[in-house]
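**Student:** Provided below for reference: sequence and predicted model.
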Amino acid sequence: MNMYYVCKSLNIRRVAVVLMLLLESFLSAQTQKPVNIIFMIGDGMGVSQVTSAFYFGDGKPNFQNFKYVGLSETSSTSDRVTDSAAGATALSTGQKTYKRAIGVNKDSLAIPTILEQLQDKGYKTGLVCLTSITHATPAAYYAHVKDRDLHEDIALDFIKSDVDFAAGGGLKFFNKRKDNKDLLKDLTKKNYRIDTTSLSKPAAGKRNLYLMAQDELPNKVQGRKDFLPEATQMALDFLSQKNEPFFLMVEGSFIDWGGHANNAEMMVKEVLDFDKTMGVVMDFIKKNPNTLLVVTADHETGGASIGKFMEKDASGKPQEVKDKVQVNFIDGQHTAALVPVFAMGKGEELFSGVYPNNTIYHKLVEALKRSGVNIK
């Protein structure tokens with residue numbers, strides 16, 4: 001056979017193969033679904049807090065199911081040791097800012113949050129917490145104020161937020177205000193169904209808001225039941241019911257409070273409750289693999305460590321009990337300790353490594369971009 005025709009035939013085949021690959025890539029891009037994002041924040045949860053789930057829980061903790069783990073540095077622009085406001089704002093916006101800032105940069109200018117950016121892309125959105133819904137961590141996803149204590153201003157921003165599902169406390173900031181406004185009426189006009197007594201079934205075709213306490217809910221030592229896992233399950237069911245993409249932030253709020261109080265029992269029970277809630281999310285991911293779960297903390301609280309368990313023997317001398325451990329604290333404040341980052345699902349491999357807290361936002365943006373969602 002003439003070599004000219006052989007070479008020409010081979011070139012045509014190569015071109016055909018390249019065209020087929022390009023077509024497959026194009027069709028894949030057209031059919032892939034936007035990834036769901038579930039972002040869980042264990043407030044005050046450092047490595048020792050996570051460790052407590054391995055020693056004080058029953059059986060294997062859900063933390064052990066992660067294959068991709070990183071570490072995050074949490075400082076703010078004003079202080080080496082951050083607070084929840086600056087920490088959560090870095091996570092929600094991709095920009096570090098000063099302590100006490102909510103959704104604003106270091107110059108106090110409002111900056112968009114990932115929740116707001118995803119709403120613009122057609123995502124449903126949700127927030128679940130144990131504190132007031134106006135508290136620092138949840139507020140950093142929808143509000144823009146100069147100081148975290150401006151709860152009534154933050155509540156006004158919630159009205160503008162159009163969050164589809166929210167559950168937590170903070171009723172008094174909506175209906176017992178200094179300006180005498182009843183924001184519940186304004187929310188009703190914006191198609192919100194509001195429940196202040198129970199986690200009743202969400203209303204279809206409406207936004208749903210659960211304000212279950214005047215301020216924060218009880219902690220686990222005070223007898224709180226399964227509010228966090230149940231509200232999270234409810235949020236997942238509601239947000240995914242029409243097969244639309246969604247963003248959900250879930251906060252384990254009182255891990256931090258246990259550290260502040262140097263209350264080992266509270267801290268451990270709150271970590272175990274958070275771990276149980278992660279199990280709910282992991283079950284969802286098994287059925288909905290087009291989902292990314294990221295779990296981290298805004299900072300560590302208390303300088304917690306898991307160390308030897310000591311008790312006095314018959315003579316009053318301290319003795320180590322070798323099959324037990326105990327929680328120790330260095331103080332009742334936040335620390336500058338690196339905090340863990342766990343990831344599972346679509347784009348999980350992006351979260352390995354050691355990096356500043358604001359980098360987590362940019363990793364989420366990259367995971368979204370891979371699924372065809374460009375928010376920047």
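**Tutor:** In hand now; what should we look at? In this text, all values refer to a predicted model and were calculated from it rather than measured experimentally. Numbers count the residues shown, from 1 in each chain.
**Student:** where do the strands sit along the stretch 201-350 of the chain?
**Tutor:** Secondary structure of the stretch 201-350 of the chain by DSSP state E, counting those that start in this stretch: the strands cover 207-211, 246-252, 291-296, 300-301, 305-312, 318-328, 334-335, 339-345.
**Student:** Ramachandran angles for residue 36?
**Tutor:** phi -80, psi 140 (degrees, to the nearest 10).
**Student:** Just give me the residue closest to the centre of the protein.
**Tutor:** Residue closest to the average C-alpha location in the chain (CA atoms, centre = their mean): residue 40, at 2.6 Å.
**Student:** Show me where the stretch 1-150 of the chain has its helices.
**Tutor:** Secondary structure of the stretch 1-150 of the chain (DSSP state H, counting those that start in this stretch): helices at 3-31, 47-56, 84-93, 114-119, 136-139.
**Student:** Contacts only, for the residue nearest to the centre of the chain.
**Tutor:** 249-252, 274, 277-278, 281, 293-296 (CB atoms under 8 Å, 6 or more residues apart in numbering). For glycine as for every other residue, the C-beta is placed from the backbone atoms N, C-alpha and C.
**Student:** I'd like those written out as TSV, with pLDDT added.
**Tutor:** As requested, the contacts of residue 40 are exported to TSV (pLDDT from 0 to 100):
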residue	pLDDT
249	99
250	99
251	98
252	98
274	98
277	98
278	98
281	98
293	98
294	99
295	99
296	98
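**Student:** Save the strands of the stretch 201-350 of the chain as TSV, and put in mean neighbour count too.
**Tutor:** Below are these laid out as TSV (neighbours: other CB atoms under 10 Å):
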stretch	mean neighbour count
strand 207-211	24
strand 246-252	28
strand 291-296	24
strand 300-301	28
strand 305-312	13
strand 318-328	13
strand 334-335	23
strand 339-345	23
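**Student:** I'd like to know which of these lies nearest to residue 64.
**Tutor:** strand 339-345 (10.2 Å; CB to CB).
**Student:** neighbouring strands for the closest one, and are they parallel or not?
**Tutor:** strand 68-73 (antiparallel), strand 291-296 (antiparallel) (DSSP bridges).
**Student:** Past that strand, which element shows up next along the chain?
**Tutor:** For strand 339-345, the following helix or strand on the C-terminal side (DSSP states H and E) is strand 353-356.
**Student:** Show me what that next one is packed up against.
**Tutor:** strand 68-73 (3 or more CB pairs under 8 Å, 6 or more residues apart in numbering; DSSP states H and E).
**Student:** Show residues contacting the strand it packs on.
**Tutor:** In contact with strand 68-73 (CB under 8 Å, 6+ apart) are residues 296-297, 338-344, 348-349, 351-357, 359-360.
**Student:** what's the average pLDDT for that strand?
**Tutor:** Over the span of strand 68-73, the pLDDT mean works out to 98.
**Student:** Show me which positions of it end up buried.
**Tutor:** 68-70, 72-73 (16 or more other CB atoms under 10 Å).
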